[in-house]
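[1] Predicted model, plus sequence, below.
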Amino acid sequence: MEPRPKTGSAKMRPRARLISLIGEELISDEPVALVELVKNAYDADASLARVSFKGANPNRPDHIVVTDDGIGMDLNTVLTSWFEPGTLAKRKQTVSLGGRLYQGAKGIGRFAAARLATSLFMETKKEDEEEGVVVVLEWGQFTEESYLDEINLEYEIRPLDFKNGTRLTLGGLRKTWNESEYEALYARLSRLISPFKADVLDFDIVLEIPGYPQFSGEVQPPDVILKPRYQLKGNVNKNGEFTGDVLYEGRVHKKLKDRKLGRTGAVPSCGPFEVEIRAWDRDRESLEPLVRQFGQGIRQIRQQINTYCGVSIYRDGFRVYPYGQKGDDWLGLDLRSRQNPVNNLANNQVVGSIRISRTDNPNLQDRSTREGMILNPAHAALEEWFIESLSLLEAARYDLRPHQEQSEAGEPLFEAFDLNEAVKRARKELGQDHPVALMIAETEKQVSAGVERLQDTFSRLLMSAGLGHMVDIVIHEIGAPLGKINRQLVVLEKELEATVNARLWGKIQAQTGAIKGWLEQIFNLRQRLEPQTPAKRGRAVAFDVKDEIEDNFRLYEALISKQQINWKVVAPRDAIRVKMARASLDQILVNLIDNSIFWITRHKGEGKGGRILVRLEPLERGFRFLFCDDGPGVAEEDMAKVFEPYFTRKPNGMGLGLYIARMIIDSYGKLLYHDDGELCGACFEARFETSVGR
């Protein structure tokens with residue numbers, strides 16, 4: 001036997017099954033595969049893409065035909081581009097002959113057909129050619145055993161029955177489609193094209209499903225989705241300024257011009273973008289006008305909103321999958337809504353669109369799977385700045401809704417109390433204006449409203465109770481690990497001191513000293529939180545008010561130092577001593593301090609300084625303090641609302657801080673807002689006039 005050579009070269013021969021793997025791995029489901037084929041039609045400068053399900057049994061089609069009226073292909077294009085998987089044609093030229101930015105850039109979208117069916121019959125013809133090209137592909141040839149270069153693809157040149165374009169016939173469907181899947185396909189295709197009119201002006205999609213005519217015809221969102229109660233349209237420029245309109249029931253409610261979003265000096269690192277956000281209140285009373293306008297039931301309207309809800313991203317005219325897909329709450333809107341259900345919109349109340357481009361947003365890049373974008377800093381910035389934009393719509397919605405209304409982010413909790421059918425029957429049998437029919441109709445409204453309020457109130461009570469219980473558990477349980485860490489640190493120091501040289505020991509001491517400092521901060525925070533627990537919250541103790549105010553500022557030492565805020569407590573020479581629940585004063589102070597730090601940072605920019613001044617004064621039987629800062633202050637239109645529950649201008653705020661502070665102070669005095677404080681920003685006066693032991 002001759003010895004094997006130690007060096008050499010060989011050619012890589014991919015197995016033919018690589019083609020089916022591409023379709024299976026990079027294309028997650030059948031609707032996505034059809035979307036890829038429609039994108040190919042767009043790239044071919046088609047004005048129409050038609051997707052038809054066909055077969056002898058309309059309820060069980062056996063093949064799909066995808067037709068477009070694009071430029072088509074000649075034999076040379078088929079042989080040199082279409083037959084080459086992973087072709088570089090679209091990378092070398094990023095714009096079609098008609099000036100469209102290519103949606104497919106990797107040369108693999110054509111293999112979506114392998115995901116859908118066992119065979120592909122392609123007919124394609126250029127407008128200036130007398131004959132077209134016909135190609136037959138049987139995916140069964142692409143087996144485990146064969147190599148890609150061994151597959152012979154058959155083609156024929158012959159006359160075709162259309163002027164130009166491409167027709168794909170996908171035979172031997174790999175699955176049987178049902179109604180819900182047709183509905184999902186219709187929704188996917190109807191959201192494929194950007195709602196921003198400047199993007200795609202001359203491209204339509206038609207879907208033909210004989211067994212389900214409700215999903216047939218030109219693909220577009222249902223009328224309900226085109227009739228939002230609230231709407232925001234505009235753009236965020238490179239400086240983080242928003243220009244656009246807020247609409248209410250189709251009419252312009254407010255025009256915004258260069259409204260600065262985010263912190264002072266902050267700019268969207270993702271690049272400029274446009275937004276179009278539609279929103280609904282999902283309670284029965286708010287949806288009733290749509291019921292009357294479209295002749296549909298409440299449940300049907302909610303279902304349509306459910307199907308289309310979410311926030312989609314459109315790049316250069318086409319949707320980036322899976323953003324906005326049903327159930328894909330990629331912005332965490334539901335969590336924001338649970339934190340503040342009155343002010344913040346939930347994911348199932350919003351149909352939103354973000355418009356970006358490859359030119360203006362180069363750092364927003366696709367993942368290799370072609371689904372979603374890389375979660376890099378630019379993506380995080382897009383999330384942040386979209387929420388800032390959404391907050392503009394939420395603020396307008398809060399002003400437009402009666403404040404006593406309760407928000408309903410989901411379905412009514414007690415749908416069984418729905419008397420709608422009883423109302424219809426009474427009106428039918430007794431007449432529209434019969435006293436009994438009118439009484440039942442009025443009762444139905446009262447019951448529905450009562451159930452919805454009960455649901456919202458019950459949810460909030462559960463959240464509050466659970467939060468209080470959780471705080472108690474955390475405070476109790478955190479003590480043991482803190483003690484263990486301290487003890488282990490002492491043991492570790494002794495062992496290291498005995499084994500390392502003096503120079504290294506000095507470095508270690510500096511590091512362990514920092515760890516001890518952090519542990520002390522956690523321990524002090526635990527001590528400060530402990531009086532807030534139910535067992536100790538109401539206990540009256542004697543203390544000096546100035547000392548307590550300064551202690552609360554020290555809790556925020558890290559944040560205050562980071563922002564370089566200069567704070568000062570001005571108090572009389574003689575101490576003001578009181579006997580009251582220390583936690584009551586603390587709760588008010590931490591809310592005021594936390595708000596000031598947030599708004600100063602946002603107004604001046606991170607690390608750009610700021611001032612907080614607290615002026616403490618005695619009263620005949622108590623005390624008062626003025627808490628002022630040099631932040632942006634409270635807008636005049638918001639001054640009457642700052643103490644309302646769930647009102648907030650923070651993009652992710654809960655709107656409960658000042659409301660809770662005012663509730664706490666009620667038994668002692670009152671909490672007021674002033675617009676004439678010593679500093680140029682916000683100013684609050686807290687008056688403790690009774691029950692403070694003076």
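    All right, it came through fine. Numbering: from 1, shown residues only.

[2] measure the nearest residue to residue 249 once chain neighbours are set aside to residue 655 for me?
    In this structure, residue 249 finds its nearest non-sequential neighbour in residue 229, 6.0 Å apart by C-beta to C-beta, 6 or more residues apart in numbering. Every residue, glycine included, has its C-beta placed from N, CA and C. Shown here: residue 229 relative to residue 655, a distance of 21 Å by C-beta to C-beta, to the nearest Å.

[3] and what of residue 387?
    Applying C-beta to C-beta to residue 387 and residue 655 gives a distance of 15 Å.

[4] These two: which has the busier surroundings?
    More neighbours surround residue 655 than the other of residue 387 and residue 655, with 22 against 19 (other C-beta atoms under 10 Å).

[5] re the thing from before, so what pLDDT did the residue nearest to residue 249 get?
    pLDDT, residue 229: 95.

[6] quick one, strands of the stretch 551-694 of the chain?
    When assigned using DSSP state E, counting those that start in this stretch, the strands of the stretch 551-694 of the chain occupy the ranges 565-570, 577-581, 610-618, 623-629, 669-674, 683-688.

[7] again with the stretch 301-450 of the chain
    310-315, 318-320, 350-356.

[8] Which one of these lies nearest to residue 31?
    With C-beta to C-beta as the criterion, residue 31 lies closest to strand 318-320 of the strands of the stretch 301-450 of the chain, at 12.1 Å.

[9] Okay, buried residues for the closest one please.
    By 16 or more other C-beta atoms under 10 Å, the buried positions in strand 318-320 come out as 318, 319, 320.

[10] can you give me the mean pLDDT across that strand?
    For strand 318-320, mean pLDDT rounds to 84.

[11] So what's the gap between that strand and the chain middle?
    16 Å (C-alpha atoms, centre = their mean, to the nearest Å).

[12] Likewise for stretch 618-635?
    Chain-centre distance of stretch 618-635: 37 Å, with C-alpha atoms, centre = their mean.

[13] Buried residues, it. List them.
    Of the residues in stretch 618-635, 622-634 count as buried by neighbour count, 16+ other C-beta under 10 Å.

[14] Kindly report the same for stretch 220-240.
    Within stretch 220-240, the residues scored as buried using 16+ other C-beta under 10 Å are 220-222, 224-225, 227-237, 240.

[15] Please report the separation between the first and final residues of that stretch.
    Using C-alpha to C-alpha, to the nearest Å, one end of stretch 220-240 lies 32 Å from the other.

[16] looking at the strands of the stretch 551-694 of the chain, which is buried most?
    Highest mean neighbour count of these: strand 623-629, a mean of 23 (counted as mean count of other C-beta atoms under 10 Å).

[17] Paired strands for that strand, with orientation please.
    Pairing partners of strand 623-629, with direction, according to DSSP bridges: strand 610-618 (antiparallel), strand 683-688 (antiparallel).

[18] quick one: contacts of that strand?
    545, 549, 576, 578, 592, 596, 599-600, 610-617, 669, 674, 677-679, 681-689, 692, 694 (C-beta atoms under 8 Å, 6 or more residues apart in numbering).

[19] if you set the cut-off to 6 Å instead, what comes out?
    Applying C-beta atoms under 6 Å, 6 or more residues apart in numbering, the external contacts of strand 623-629 come out as 545, 576, 592, 596, 600, 612-617, 677-679, 681-688.

[20] and if you look at stretch 54-73?
    Stretch 54-73 is contacted from outside by 37, 41, 44-53, 124-126, 164-171, 210-211, using C-beta under 6 Å, 6+ apart.

[21] among the strands of the stretch 301-450 of the chain, which gets the worst mean confidence?
    Looking at the strands of the stretch 301-450 of the chain, the lowest mean pLDDT belongs to strand 318-320 (a mean of 84).

[22] related to what we said a few turns ago, would you mind putting the strands of the stretch 551-694 of the chain into JSON lines with mean pLDDT alongside?
    Output for the strands of the stretch 551-694 of the chain, formatted as JSON lines (pLDDT from 0 to 100):
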{"stretch": "strand 565-570", "mean pLDDT": "95"}
{"stretch": "strand 577-581", "mean pLDDT": "92"}
{"stretch": "strand 610-618", "mean pLDDT": "96"}
{"stretch": "strand 623-629", "mean pLDDT": "96"}
{"stretch": "strand 669-674", "mean pLDDT": "92"}
{"stretch": "strand 683-688", "mean pLDDT": "95"}
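
[23] Of all these, which one comes closest to residue 130?
    With C-beta to C-beta as the measure, strand 610-618 is the member of those nearest residue 130 (77.0 Å).

[24] and the angle from the closest one to strand 565-570?
    Interaxial angle of strand 610-618 relative to strand 565-570 (axes from the mean of the first three to the mean of the last three C-alpha atoms, to 10 degrees): 10 degrees.

[25] before we move on, back to that, need the buried residues of strand 318-320 in CSV (columns: distance to residue 335).
    Below are those laid out as CSV (distance: C-beta to C-beta, whole Å):
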residue, distance to residue 335
318, 29
319, 24
320, 22
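
[26] just the residues you listed now: which is nearest residue 302?
    Nearest member of the buried residues of strand 318-320 to residue 302, counting by C-beta to C-beta, is residue 319, at 23.3 Å.

[27] so where's the stretch 301-450 of the chain shaky on pLDDT?
    Low-confidence segments of the stretch 301-450 of the chain (pLDDT under 70): 368-370, 403-450.

[28] rerun at 50
    Residue ranges of the stretch 301-450 of the chain with pLDDT under 50: 404-417.

[29] How is this structure divided into domains?
    18-218, 223-410, 412-536, 538-688 (automatic domain parsing).

[30] Residue 62 - how many residues pack around it?
    Neighbours of residue 62 (other C-beta under 10 Å): 15.

[31] Now do it against residue 171, distance only.
    7 Å.

[32] again, but for residue 659
    Distance, residue 659 to residue 171, by C-beta to C-beta: 64 Å.

[33] Residue 290 too?
    From residue 290 to residue 171 the distance is 42 Å (C-beta to C-beta).

[34] higher neighbour count, the two?
    Ranked by neighbour count (other C-beta under 10 Å), residue 290 and residue 171 place residue 290 first, with 21 against 16.

[35] Run through the residues that contact that one.
    By C-beta under 6 Å, 6+ apart, residue 290 lies in contact with 224, 301.

[36] before we move on, what about residue 350?
    With C-beta under 6 Å, 6+ apart, residue 350 has these contacts: residue 279.

[37] For it, list each beta-bridge partner.
    Residue 350 has these beta-bridge partners by DSSP bridges: residue 279.

[38] what does residue 173 give?
    Bridge pairing for residue 173 (DSSP bridges) gives the partners residue 117.

[39] show me what contacts residue 128?
    By C-beta under 6 Å, 6+ apart, residue 128 has no neighbours at all.

[40] where's it relative to residue 486, distance?
    Computed as C-beta to C-beta, the residue 128 to residue 486 distance reads 84 Å.

[41] And for residue 203?
    Distance check for residue 203 against residue 486: by C-beta to C-beta, it reads 67 Å.

[42] Give me the more crowded residue out of those two.
    Shown here are residue 203 and residue 486; by other C-beta under 10 Å, residue 203 has more neighbours (20 against 14).

[43] Which element, helix or strand, includes the closest residue to residue 393 other than its chain neighbours?
    Computed as C-beta to C-beta, 6+ apart, the closest residue to residue 393 that is not its neighbour in sequence is residue 232, at 4.1 Å. Element membership for residue 232 (DSSP states H and E) is strand 230-236.

[44] OK, contacts around the residue lying closest to residue 549 once chain neighbours are set aside?
    Nearest non-adjacent residue to residue 549, counting by C-beta to C-beta, 6+ apart: residue 569, 5.3 Å away. Taking C-beta under 6 Å, 6+ apart as the criterion, residue 569 is in contact with 546, 549, 550, 614.
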